[in-house]
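Participant: Could you work out the structure for the sequence below:
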Amino acid sequence: MEHTVTFVRRAGGARVALEARVADGVTLLDAARAARLPIASACSGAALCARCGLEILAGAEALDPELPDERVQKERNRIPAQQRLACRAGVHGPVTATAAYW
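Facilitator: You can find the predicted model right below:
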């Protein structure tokens, strides 16, 4: 089963939506890469650097639940609680996300 992940970014002052179709369970990190978006990650998706934080605009319920290790890394790295680490959030339905640096 495939799902659509929509990434919202700014381009020339306007908001632009890019979509990626991904298999069930693919992480938001890999979905962003599939959409050819730059996404911060110094640990290759091991949830150590917490640089891949994304704001979920819609579809948070379609992501893997946040586990304690993700919460700990977000706290250690001062990532806002409402963001998800893209390397830990598997997609199981339609999701819309953005990053502050897009």
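Participant: buried stuff in stretch 52-72?
Facilitator: By neighbour count with 16 or more other Cβ atoms under 10 Å, stretch 52-72 contains the buried residues 52-54, 56, 59, 62-63, 70. Backbone N, C-alpha and C define where each C-beta goes, glycine included.
Participant: how far does it sit from the chain's center?
Facilitator: Chain-centre distance of stretch 52-72: 8 Å, with Cα atoms, centre = their mean, to the nearest Å.
Participant: Go through this protein and flag its longest helix.
Facilitator: For the chain, the longest helix by residue count, based on DSSP state H, is helix 68-76.
Participant: In three-state terms, label residue 33 for me.
Facilitator: Three-state call for residue 33 (DSSP: H, G, I helix; E, B strand; the rest coil): helix.
Participant: from what I can see it touches residue 44, true?
Facilitator: No. The criterion here is Cβ atoms under 8 Å, and residue 33 misses it with residue 44 at 11.5 Å.
Participant: and the residue nearest the centre of the chain, what does it touch?
Facilitator: Most central in the chain under Cα atoms, centre = their mean is residue 86, positioned 3.5 Å from the mean C-alpha point. Shown in contact with residue 86 (Cβ atoms under 8 Å, 6 or more residues apart in numbering): 27-29, 31-32, 39, 41, 52-54, 97.
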